[in-house]
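**Q** Quick check, what structure comes out for this input:
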Amino acid sequence: MMKEHAKLMKVISSAGEIIGRKKLQKMIYIAKKIDLPFYEKYNFHFYGPYSEELTLRIEELCNLGFINEIHEKKGGYFQYRYSLTETGSEFLGHYDLDMPPLKGCILDLNEQSSRFLELVSTVLYFEGLGQEEVKEKVFTLKSKQRYTEEEVLEAYRYIDKIRGLVKEELAEQ
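**A** Numbers count the residues shown, from 1 in each chain. Reported below is the predicted structural model:
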């Protein structure tokens, strides 16, 4: 049971801190789509791919005291910050977790904006379609975000970059 929880802890540990629930959701989804071993089920939601399973796991990890979730009021909304607690670090240190190296990938994902990760995850959600069809989906489903054609192309370039990063990390292993 704790294996999937430990993977999430490893992501947060690798990132140091993840700011935003949406960002966390998108980071795990993108990691899953580039063949890192995450198995949460996702459905398409208001902000792109969303996993109720992931939300529940994070809540459980917070309740166990393994993850620190800080609520901050930012203007008219709340922002959430996630970091590993000392207890979480100790647990992870004793847990035998067989995972490919992901630190570089996670750090790179964490540097991106939530808005951009929302676009990247949406492109990946529809990756079985042709590029023009994906653009059409993005412009229709994400019309409020006002993504441009250049941003969609940047999302495709980023997907290639992040997949390459994972391959490099695996080769160095």
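**Q** mean confidence for the helix or strand harbouring Leu107?
**A** If you go by DSSP states H and E, Leu107 is part of helix 103-111. Across helix 103-111, pLDDT averages out at 92.
**Q** Can you name every helix or strand that it contacts?
**A** Judged by 3 or more C-beta pairs under 8 Å, 6 or more residues apart in numbering; DSSP states H and E, helix 103-111 is in contact with helix 2-15, helix 21-33, helix 149-172. In short, each C-beta sits where N, CA and C put it, glycine included.
**Q** can you list those in JSON lines and add mean neighbour count and mean pLDDT?
**A** Formatted as JSON lines, the helices and strands packed on helix 103-111 follow (neighbours: other C-beta atoms under 10 Å; pLDDT from 0 to 100):
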{"stretch": "helix 2-15", "mean neighbour count": "20", "mean pLDDT": "92"}
{"stretch": "helix 21-33", "mean neighbour count": "23", "mean pLDDT": "96"}
{"stretch": "helix 149-172", "mean neighbour count": "14", "mean pLDDT": "91"}
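**Q** could I get these as JSON lines with distance to Phe116?
**A** Output for the helices and strands packed on helix 103-111, formatted as JSON lines (distance: least, C-beta to C-beta, whole Å):
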{"stretch": "helix 2-15", "distance to Phe116": "16"}
{"stretch": "helix 21-33", "distance to Phe116": "9"}
{"stretch": "helix 149-172", "distance to Phe116": "7"}
